[in-house]
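Chemist: just the structure for this:
(4 chains)
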4 protein chains.
Amino acid sequence: MPLSTDQLAEIEAQRAQSHPTRRVVAAGMEDHLYTAHQVLDHGFVRVIDYMGDDAAICQAARVSYGKGTKSVQNDEGLIRYLMRHWHSTPFEMCEIKLHVKLPVFVARQWIRHRTANVNEYSARYSILDREFYIPAPDHVAAQSEVNNQGRGDALQGEEAARVLDLLKADSARCYDNYEAMINQDGQQGLARELARMNLPANIYTQWYWKVDLHNLFHFLRLRADPHAQYEIRVYADMMCKIVADWVPFAYKAFEDYRLGAVNLSAQMVDSLRRMLAGETVTQENSGMTAREWREFEDVIRKS
Amino acid sequence: MPLSTDQLAEIEAQRAQSHPTRRVVAAGMEDHLYTAHQVLDHGFVRVIDYMGDDAAICQAARVSYGKGTKSVQNDEGLIRYLMRHWHSTPFEMCEIKLHVKLPVFVARQWIRHRTANVNEYSARYSILDREFYIPAPDHVAAQSEVNNQGRGDALQGEEAARVLDLLKADSARCYDNYEAMINQDGQQGLARELARMNLPANIYTQWYWKVDLHNLFHFLRLRADPHAQYEIRVYADMMCKIVADWVPFAYKAFEDYRLGAVNLSAQMVDSLRRMLAGETVTQENSGMTAREWREFEDVIRKS
Amino acid sequence: MPLSTDQLAEIEAQRAQSHPTRRVVAAGMEDHLYTAHQVLDHGFVRVIDYMGDDAAICQAARVSYGKGTKSVQNDEGLIRYLMRHWHSTPFEMCEIKLHVKLPVFVARQWIRHRTANVNEYSARYSILDREFYIPAPDHVAAQSEVNNQGRGDALQGEEAARVLDLLKADSARCYDNYEAMINQDGQQGLARELARMNLPANIYTQWYWKVDLHNLFHFLRLRADPHAQYEIRVYADMMCKIVADWVPFAYKAFEDYRLGAVNLSAQMVDSLRRMLAGETVTQENSGMTAREWREFEDVIRKS
Amino acid sequence: MPLSTDQLAEIEAQRAQSHPTRRVVAAGMEDHLYTAHQVLDHGFVRVIDYMGDDAAICQAARVSYGKGTKSVQNDEGLIRYLMRHWHSTPFEMCEIKLHVKLPVFVARQWIRHRTANVNEYSARYSILDREFYIPAPDHVAAQSEVNNQGRGDALQGEEAARVLDLLKADSARCYDNYEAMINQDGQQGLARELARMNLPANIYTQWYWKVDLHNLFHFLRLRADPHAQYEIRVYADMMCKIVADWVPFAYKAFEDYRLGAVNLSAQMVDSLRRMLAGETVTQENSGMTAREWREFEDVIRKS
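Modeler: Got it, this is the predicted structure:
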């Protein structure tokens, strides 16, 4: 359980509050507010605030497209049109603020997305908690043999057990020594900004992260993808669920035109047209490399 | 009056709505929501949505500084500390969405601030209204004789009248011809994306503009400055009033540490210390150029 | 001809210079340096500086992928892999600086791309030249009847002539009055920052524009697209030629995976698989709207 | 010594190359190219590429200010004017690309500066080297007693020795176990993307980092500041030296107007004027809090 009794009480107090507002309210999001949705063993994602809804996307788009479009195009049609034709600015008109708790090695991938606002818990200023990510047994995976940056099947038996033992023992020892170094009983105590360097990358950190819907979709497309590392993908999956409740039309368009879509190269489009016209196309006469051809076959044959 | 009866009715309908929310509500901002605050002859600024308040700044800052600071430092003190020491990320945790109507030459300056989200009314898609900025007589100013990019006193008499006549006549004629070119009665009608090129830069456009508080402060510091062009400064001034009602602590800190503050160069600090120690400092022995010295004197002598 | 004798002499002087450098040099780009490539009637694009080449993309990517990959993957293969899998950061390691002269209404579209550096000629400070974009006769197009933001065939006969006469006459008159207002013979002269508002949007401006290769590709994908307005597309086309000479591998990958590629929605991929498996798929059983189906047919049937 | 013989040979080969170019060349920077300047025990900063020089700043500024200014204002004066009045865009016209090796906990601070391009060595794909930052004895500092996020004097005697022993032992053990987990002799071997989580934050990583001069100055102002953590400040100090050789006028202006400058609040300016007019000003009648007053005294009295 990632939260203390005090923290749960603070969350409940926030959830109990209710104020009238003239702003747009997204019913599906009000229900999520403040609740900590657990991710991994000690992590969570919780919504702190949001701005806008599906209608707010259309409202902004219609300023940029002028009067009178309201009558000819319903909101969902407009949103799908915007998504299909890469009109990204109306999606930037919605904003979400999250509180996320996550292992440091996940945070290091996450922060590479630059178009967001971040306030991270400071280990220069404060003392980190003794919380480390230890993978569940079925996620202790072997190095992939086909993909240098992927993972294969779960390790078995003794090897898996040994890995888990090492991860736990090193985390515990490093944290013990972190505490010993900063301790001020009978000694001066090492500066926190130095002591933190002893902590391994599976320790948990936390931050406030605020992003607009367009940039969130970009993040989710890359991180909810099967090639993303499992430990960040589970955060992306949780955010997908939240966004689906917040802006259902926009999320559906995102699923259809981004998450479930494929990008076909000029050569792939050409091969496709020839195949549909009855021609036999092979890698040799396609203009594709062997690798590109494999990826093309994955698209058109996947059952 | 910039708004039609229909537009006013739509605004009133939006203002009449009220929904319960679990989100943070800023009382001073609820009052502004949707109302069009007039700027220049046909322009306005109106708040469409907002996220956060003074407390939200502190809440984000405290995640990054850890537990327990809440008791020792009150919110206003923390906000002033953050502003003074250039900790900008907590201010990024508040967001505002505005609907702005403004002349094109003002829009061209405004858009240079890149860290914002924009949806502009499209003159490729729609027909612009016949609304042009014509300066009030006391703002028809002469070219400054001391500053190549500034303006001097108001023009007088015949010259002022001639300028206003020219601006009005050219605006009217260009718009008449814009209409004549796109007209489809008895002719094909020129494409709107081409016809718009006949419109001068004092025509009004409008956009949705969304920005976080840190970047809004940066905008306001540059555009509410006496050196900014009058026609954009009046928009900045209006936004200053709105922000003061939204996040009063943050706005006060912004006034003290940015708007009303001065930046002293290394040479200026050195001269200052010598003067306070009783030394007579002149431009010659200050290490400053004549121009720097004049700016220094403006700082220390302004009554 | 867009350039004066003095300007041409300055360009020739810059082209005549040659210095030894330890930096990476792109031969195809050295040839372009400083030359003004004409676009539209008075516009141009000229390369002022650049950083990097195809090899620099790989060099940066290999830091992020570690040692030893150099031997197993040649540069072109790596670049195509990066492009195909949306690894955008290595492309950000190349940079280009351009001097562009362009009509104001084109500049207003262009500036919407925020991830670039810009210094524009200031009409607050300086006096603009009497140069206006007047379309060539075959580009004086009618409003499209099927696309609210597009254009149809060229206007014919009297209507075309009338449009060109209006554009020329209004440009000339507005500029005459601009000059009259700022004139300081026998009068004070209106401030330049005000007088500029009388100039229509087909007047030319100019700027220095600096951007990294990834963001330039994003710009080119949107602006070299057939749906982009002709007057910005010709700038994009010219930049495509320059980039092809600068980073030929990256440009070829961009052509194949972006410019000439198509994005198929989840429903489109599904229909495609069914068609290739011999099934008869129609709009009705495809899960697509009529509009999506039309776009799908365009992809698979285009001859 | 941070570099292997092979790496040194590669650097020498790069330094030995020389090509003619039409581009602007900065003599002071050519000398730095590729050389690894050591920082901390295993880190370095080396310049991979650059674009522009002092003159390029002026050239861009003059496009935005128009013709004729060249004769009245020399380059250095213009650069100082731009810096003093926060005209940041001309400084964005210079660009630098660095290869940096740095401890992970420093990288985590560094990456918070979002307006830069980054390619980091991937520990998902590759195996990290056994290199850890171990502070020199005089940098093993105690926690500050006055500043929660600072450090005090160096630890002494046994306590210092114990800290160094712990850091070394934990680094070594964690790395041994990292190697043991990924080893594929007689076992499958843990995925690299998982094994890396066992490595503490003092391990070294490396990246290519590209940034424009304006944003680099912003980085340096915050990170070359005495309040910045020592371990990132030494990187900033090294970059300051490099920039001083690259764009000497811009760097001098940066020193005078940013690094060595102070920002005085409205209340501080008011107090100052009263003091210079002979009035006795105390905290009580200054309108400042005790903390603000202390900071004010630091500015005006520092010897």
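Chemist: and the residue nearest to residue A:57 when sequence neighbours are not counted, what pLDDT?
Modeler: Counting by C-beta to C-beta, 6 or more residues apart in numbering or on different chains, residue A:90 is the residue found nearest to residue A:57 once chain neighbours are left out, at 4.7 Å. (Glycine included, C-beta is placed from N, CA and C.) At residue A:90, the model reports a pLDDT of 96.
Chemist: with residue A:9 instead?
Modeler: We have a pLDDT of 87 for residue A:9.
Chemist: tell me, how many neighbours does it end up with?
Modeler: For residue A:9, the count of nearby residues is 11 (other C-beta atoms under 10 Å in any protein chain shown).
Chemist: what comes up buried for the helix or strand harbouring it?
Modeler: Per DSSP states H and E, residue A:9 falls inside helix A:5-16. By neighbour count on 16 or more other C-beta atoms under 10 Å in any protein chain shown, the buried set for helix A:5-16 is A:11, A:14.
Chemist: name every strand pairing with the next helix or strand after it and say which way it goes.
Modeler: Where DSSP H and E defines the elements, the next helix or strand beyond helix A:5-16 is strand A:19-21. Neighbouring strands of strand A:19-21 in its sheet, by DSSP bridges, are strand B:19-21 (antiparallel).
Chemist: tell me what the next helix or strand after the partner strand is packed against?
Modeler: Using DSSP H and E, the helix or strand that follows strand B:19-21 in sequence is helix B:27-30. Other elements packing on helix B:27-30 under the criterion 3 or more C-beta pairs under 8 Å, 6 or more residues apart in numbering or on different chains; DSSP states H and E are helix B:230-246.
Chemist: repeat that for 10 Å
Modeler: Applying 3 or more C-beta pairs under 10 Å, 6 or more residues apart in numbering or on different chains; DSSP states H and E, we find helix B:27-30 packed against strand A:19-21, strand B:43-51, helix B:230-246.
Chemist: surely residue A:186 is in contact with residue D:162?
Modeler: No. Taking contacts as C-beta atoms under 10 Å, residue A:186 lies outside contact range of residue D:162: 11.9 Å.
Chemist: in terms of neighbours, single out the busier of these two.
Modeler: The neighbour comparison of residue A:186 against residue D:162 (other C-beta under 10 Å) goes to residue D:162, with 17 against 7.
Chemist: wait, residue A:107 sits on residue A:232?
Modeler: Yes. Counting by C-beta under 10 Å, residue A:107 touches residue A:232, with 9.3 Å between them.
Chemist: mean pLDDT per helix and strand in chain A: which one sits at the bottom?
Modeler: None of the helices or strands of chain A scores lower by mean pLDDT, DSSP states H and E than helix A:69-72, at a mean of 44.
Chemist: how about the following helix or strand past it, does it reach chain B?
Modeler: Using DSSP H and E, the next helix or strand after helix A:69-72 towards the C-terminus is helix A:75-84. No. Using C-beta under 10 Å from any C-beta of the partner chain, helix A:75-84 stays clear of chain B, with a minimum separation of 10.5 Å.
Chemist: beyond helix A:75-84, next helix or strand please.
Modeler: Under the assignment DSSP H and E, the closest C-terminal helix or strand after helix A:75-84 is strand A:95-103.
Chemist: ok, is that following strand in contact with chain C or not?
Modeler: No. Strand A:95-103 does not reach chain C (C-beta under 10 Å from any C-beta); its nearest approach is 16.8 Å.
Chemist: stretch A:206-217 too?
Modeler: No. Using C-beta under 10 Å from any C-beta, stretch A:206-217 never reaches chain C; the gap is at least 12.2 Å.
Chemist: wait, does that stretch contact chain B?
Modeler: Yes. Interface with chain B: stretch A:206-217 contributes A:206-210, A:212, A:214-215 (C-beta under 10 Å from any C-beta).
Chemist: tell me if I'm right that residue A:254 and residue A:220 touch.
Modeler: Yes. With contact defined as C-beta under 10 Å, residue A:254 counts as touching residue A:220 (7.5 Å).
Chemist: need the pLDDT of residue A:292.
Modeler: In this model, residue A:292 is scored at 90, pLDDT.
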